[in-house]
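In: Provided below are the primary sequence and the corresponding predicted coordinates.
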Amino acid sequence: MPHRALGPRVLLRQLREVMARSEVVQDRLDKIVEIIAANVVAEVCSIYVLRDSEKLELFATKGLKPEAVHKTTMKVGEGLVGSIARDAELLNLSQAQKHPFFKYMPETGEELFQSFLGMPIFKNGKPIGVLVVQNETQRHYSIEEEEAVQTTAMVLAEIFTSSEMDEWISSTDNGNTRSQFIQAKGVVSGIAMGHVVLHEPRVVVTHFMADDTESERHRLGEAILSLRGQVDLMIRTSEFSGASEHGEVLETYRMFANDRGWVEKIESAIDTGLTAEAGVELVQNEYRARLMKSSDSYLRERMTDLDDLANRLLRTLTGRAQTAAHEDLPDASIIVARTMGPAELLDYDSAKIRGLILEDGGANSHVAIVARALDIPVVGEAGTIIGLVEPQDAIIIDGANGEIHLRPGTEIQDAYGEKIKFYARKQARYAQLRNVDSITRDGHEISLSINAGLMVDLPHLADSGADGIGLFRTELQFMIARSFPRFDAQVKFYSSVLEAAGDKPVVFRSLDIGSDKMLPYLSKPVEENPALGWRGLRMSLARPAFMTLQVRALLKAAENKHLNLMFPFIGSLEEYEEARRLIETEVFRLKSRGLSGPSKISLGIMIEIPSIMWQLDDILPEVDFVSIGSNDFAQYLFAADRTNAGLADRFDVLSPIFLRALSQIVRKCSAHGVPLSLCGEMASNPLEAMALIGIGLTAISMAPASIGPVKEMILSVELAKLQRFIEPLVGTPTPSLRPQLHAFARGNKIMF
Ligand code: PEP
Ligand code: MG
C-alpha cells in the first residue's frame, strides 16, 4: 500500500537501533533520513540544522543530490525551510513550488518534488533545525503522517542534545549566545556579577523514546494530579488576591492544569512511543507556535503561563525541586525569576546569591524589601529575560539604574570588575570603623542607629557597629507573611529582635499599614488617594483590634525590659492621646492579672504629617521621644508623591525650606528636653546626614549599609564650623543648598 506510514512506534524502534550504534554522527544521520523516508514512503527526507543562530544548513538527505549536503544553506525566514524555523510551525503542502515562500535551490534537484512536509526540530522549546519529507506526486500528507514526522523530529532532538553532536556542530545554537544589554528598572541598588540560575529551573528533556507506554501514561497521570494539587495550594496560599496580575496567572495555571484537551494531547503523544516528558514538550511546542502567532497580546501572555506550567509538570515528572533554592547553587548566583515571593527568597542560601532579576516586580514588591535587607541588588521589570538567558550564563546587574549585561564582553566585565573592587575597598575601610566612636573632630558625639524590620536585618546591628535600632518597621513582617501573624508568632518575633539587640535600644514602630504598604490578606478600602487616606496610626485607631494584639505581644516580649514604641503618621495631639490610652489600657490589663510587663515604657511620635508642626508645644510635653520620618515628612510638606520617580528631582530635602522646618523641630524638642532622632532615608546619605548634624540633630537612624559612610563623614567634620556655615544659608531662598554643602565638604576634606 503506497503512502501509508508504518506508524511512529515501528519508526521509533528503528531509530532507537540506529541511535544506539557507535557510528559517527554523520553516518547515523544518513541512516536516519533513510529510515524516515522509507517509513513515510517519501522519495526525499532531509535534515537541516541551524548554525550561528541565523543559517540553516542541509546536514543529511535521502533523495536530494548528495553533493548539496553541507553546501546548501538558507537564512532563517528564507524559503520554506527557513520560514518553518522562523515560525516554529510545520508546513504541509501538496504543491510546494506554488507556495509564496518557495525558493528554488538548483544544487539540490528538488524541483522534481511537488509535495512537501516540513517540521521544526526543537531544543528547549526553540527551533534548532527542520526535518523535511518530499514526494514527487502531488499529495497532502495525512494527520498520521504529520504525527509520525513530528514524533521523529522530537526524537531527533535527542541526538541534537548529545554532547557528541554539540562538538560536531560546535556552532549550532539556539540563539542564546550573544552579548546583550537589557535596560530594566533598578529596584535595589548595588552591582553584582555572577552566573544565571533560573529560579524555576528548566528541564532539558534528553530521553525521548519510551520503553513502556503504559507506565509513561501512568507517570503522566500521577504528575498531573500532583500538579493540580500544587496549583490549588499556590492559589490558597497566594499573597495576592485574585484580582491582581499574579492572581490572574494562578487562575490561568488552574485552567490549563484542569484542561482535558491539554492532557489528552500529551497522552496521545505518549501513545506514539514518546516518554511522558517528551510528550509534554511536544505538545508545548505546538501550543507555543500557535499562541505566538496570535495577534491577541493577552493570549500571547498566557503562553508564558502555559510554559511555566509545562515546566512545572516536567519538574514534577523528573522529580526535580520546583525552585533552585534547594539545589546546589554556584557561588556567585544571580537568580532570574518571573516573579518571586519574599519567603521564597529567604529559602535560598543568601551567602551564595549575588543578585536577583525579576521579570515582574518593582521597588515596592515584597521580595524587594527582603532583598534590600539581605543587601542583594535587584533589577525588576526585566521584560521576558527568562527566554534570553541560559543557566550558567555570565551576567552583570546594576541595581541602581536597572542595567543588565547578559554574556558581557571582556571590556564590560573589566569595567564592572573595577567598580566592584572599588566598592570592596570602601567596605573594608568602613569595617575598620566599626568599633570607632562616632565623634566629630571637635568632640561632639552623634548617635548612629539602623533601620530594620526583618530578622535578616538583625546581624547588621553588630556588623555595622550601630548604637541601636532607631526604627523597627514592624509592618514588614506582616507584609511578607501569608496571613495575619498571630499573637504567639508576634511575641516570638519581637522577643528575638530584643534578644538579638542585647543591650542596644530598639525603637519599635506600631503597624504602619495602608497606602503603598498593604497587607495582602487584609481587605483594603478603595480610596482615591491612599497616601492621604487610611494609613499609619489612622488605620490602627480605626481598626484597634490589630494594634491591640500587637501591643499585647510587644508588652509580653519586652517583659522586664525597656520597651520603646513610637506611632507613625501622627496628625494631632488627640491621635497620640488615643494611641497612648490604648497602651495604658493594655498595661492596666497586664497589671490586673499580676503580670510584670516591661520594666520601662517610652512612647514616641513620628513627625511625618506637617500639621503636627503647629502643635509641638502641646504634644512634646506628652511624649518621651520624637523621630522624624523624613520620607513622609517631605512627601506631605511638598505634596510630592515619594514613589513618583518623575518628582524626585523636583524638591530637595536639602532645600532651605525643608531644613528650616527640621531645625524648627530641633529647637522645639531641645526647648522641651525631648530626645529627637531622624529615621527617614535622608539620614542614609552622607551629604544629607552632614546637613542634619549641621542644623543640630545628634541622633540619626539609617539603612545599615550607610553607617560606615556616614561615620566616616562624622569623623572628618568639625561640627562648630559646619554649623556656622549652614545657619545663614538656611535663611536663603535658593531651591537647594546641595552645591554649597558639596563645596563645604570638598573644601574641608570631609570624607564620603
Ligand atoms: C519615613 O516616612 O521617613 C519613615 C521612616 O517611614 P516609612 O519610610 O516606613 O514610611
Ligand atoms: Mg513614614
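Out: Good, I have the coordinates. Ligands and ions are numbered 1, 2, ... in the order given.

In: which bits of the stretch 351-500 of the chain sit near ligand 2?
Out: Within the stretch 351-500 of the chain, not a single residue sits near ligand 2 (CB under 5 Å from the ion). Every residue, glycine included, has its C-beta placed from N, CA and C.

In: Below-threshold pLDDT in the stretch 351-500 of the chain: ranges please.
Out: Within the stretch 351-500 of the chain, the segments meeting pLDDT under 70 span 361-364.

In: Show me where it has its helices.
Out: Using DSSP state H, counting those that start in this stretch, the helices of the stretch 351-500 of the chain run over 366-374, 410-432, 459-464, 475-480, 487-501.

In: Which one of those lies nearest to E43?
Out: When those are ranked by distance to E43, counting by CB to CB, first place goes to helix 410-432 at 50.8 Å.

In: burial of M713, as a residue count?
Out: M713 has 22 neighbouring residues, counting by other CB atoms under 10 Å.

In: you'd agree it is up against K749?
Out: No. Assessed by CB atoms under 8 Å, M713 is found out of contact with K749, at 11.1 Å.

In: interface residues of this structure facing ligand 1?
Out: Contact residues (CB under 6 Å from any ligand atom) of the chain with ligand 1: 471, 473, 512, 608, 629-632, 679-680.

In: circling back to that earlier point, let me have the helices of the stretch 351-500 of the chain in CSV, extended by mean neighbour count.
Out: What follows is the helices of the stretch 351-500 of the chain, written out as CSV (neighbours: other CB atoms under 10 Å):
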stretch, mean neighbour count
helix 366-374, 24
helix 410-432, 12
helix 459-464, 18
helix 475-480, 21
helix 487-501, 17
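
In: Of the ones you listed, which is nearest P686?
Out: With CB to CB as the criterion, P686 lies closest to helix 410-432 of the helices of the stretch 351-500 of the chain, at 11.3 Å.

In: who does that closest one touch, helix- and strand-wise?
Out: Contacts defined by 3 or more CB pairs under 8 Å, 6 or more residues apart in numbering; DSSP states H and E place helix 410-432 against strand 191-198, strand 394-398, helix 707-715.

In: If we use 6 Å, what do you get?
Out: strand 191-198 (3 or more CB pairs under 6 Å, 6 or more residues apart in numbering; DSSP states H and E).

In: What are the contacting residues of whichever helix or strand comes after the strand it packs on?
Out: Next along the chain after strand 191-198, taking DSSP states H and E as the criterion, comes helix 213-237. Under the criterion CB atoms under 6 Å, 6 or more residues apart in numbering, residues 210, 250, 253-254, 257, 263, 270, 275-276, 313, 316-317, 482 lie in contact with helix 213-237.

In: Enumerate the positions of helix 213-237 that are buried.
Out: 213, 216-217, 219-220, 223-224, 227, 230-231, 234 (16 or more other CB atoms under 10 Å).

In: Could you dump the residues you listed into CSV with distance to E586 and pLDDT added?
Out: Listed next are the buried residues of helix 213-237 as CSV, based on distance: CB to CB, whole Å; pLDDT from 0 to 100:
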residue, distance to E586, pLDDT
T213, 67, 92
E216, 62, 96
R217, 62, 96
R219, 57, 96
L220, 57, 97
A223, 52, 96
I224, 52, 95
L227, 48, 94
Q230, 42, 89
V231, 43, 89
M234, 38, 78
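
In: Just name the closest of those residues to ligand 1, please.
Out: Comparing those against ligand 1 with CB to the nearest ligand atom picks out M234 as the nearest, at 29.5 Å.

In: Next one: the closest one from T61, what distance?
Out: 48 Å (CB to CB, to the nearest Å).

In: likewise F102?
Out: Relative to T61, F102 is positioned 18 Å away (CB to CB).

In: between those two, which one's more packed in?
Out: Just comparing F102 and T61: by other CB under 10 Å the higher neighbour count belongs to T61, 25 against 16.

In: That one looks like it's in a strand, true?
Out: Yes. Assigned with DSSP: H, G, I helix; E, B strand; the rest coil, T61 falls within a strand.

In: check contacts around V203.
Out: V203 makes contacts with 314-315, 318, as judged by CB under 6 Å, 6+ apart.

In: any chance of the helices of the stretch 351-500 of the chain in CSV, plus distance to D305?
Out: Shown next, in CSV, are the helices of the stretch 351-500 of the chain (distance: least, CB to CB, whole Å):
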stretch, distance to D305
helix 366-374, 19
helix 410-432, 33
helix 459-464, 38
helix 475-480, 24
helix 487-501, 33
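
In: count of neighbours near the closest residue to ligand 1 within the stretch 101-250 of the chain?
Out: Closest approach of the stretch 101-250 of the chain to ligand 1 (CB to the nearest ligand atom) occurs at V188, with a separation of 15.2 Å. Here the number of neighbours of V188 (other CB under 10 Å) works out to 24.

In: tell me the contacts of it?
Out: 368, 371-372, 377-378, 399.

In: same thing but at 8 Å, please
Out: Applying CB atoms under 8 Å, 6 or more residues apart in numbering to V188 gives the contacts 356, 363, 368, 371-372, 376-378, 399.

In: Tell me the confidence at it?
Out: Looking at V188, its pLDDT stands at 90.

In: Which residue is the nearest non-sequential neighbour of it?
Out: V378 (3.9 Å; CB to CB, 6 or more residues apart in numbering).

In: do G129 as well
Out: In space, G129 comes closest to I121 once its chain neighbours are excluded; the distance is 3.9 Å by CB to CB, 6+ apart.

In: mean confidence for the helix or strand encompassing the one you found?
Out: I121 belongs to strand 115-123 when assigned by DSSP H and E. Computed over strand 115-123, the mean pLDDT rounds to 93.

In: ok, it: who's next to it in the sheet?
Out: Under the criterion DSSP bridges, strand 115-123 sits next to strand 91-93 (antiparallel), strand 126-135 (antiparallel) in its sheet.

In: would you list the ones you listed in TSV and tack on mean neighbour count?
Out: Below are the strands paired with strand 115-123 laid out as TSV (neighbours: other CB under 10 Å):
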stretch	mean neighbour count
strand 91-93	19
strand 126-135	25
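
In: can you list those strands in TSV and add distance to T323?
Out: Putting these into TSV (distance: least, CB to CB, whole Å) gives the following:
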stretch	distance to T323
strand 91-93	39
strand 126-135	23
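
In: now those strands in TSV, with mean pLDDT?
Out: TSV is the format used below for the strands paired with strand 115-123 (pLDDT from 0 to 100):
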stretch	mean pLDDT
strand 91-93	95
strand 126-135	92
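
In: Any chance of the ones you listed in a markdown table with distance to ligand 2 as columns?
Out: Listed next are the strands paired with strand 115-123 as a markdown table, based on distance: least, CB to the ion, whole Å:
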| stretch | distance to ligand 2 |
| --- | --- |
| strand 91-93 | 61 |
| strand 126-135 | 47 |
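
In: Spell out which residues of the chain are next to ligand 2.
Out: Counting by CB under 5 Å from the ion, the chain sits next to ligand 2 at 629, 632.
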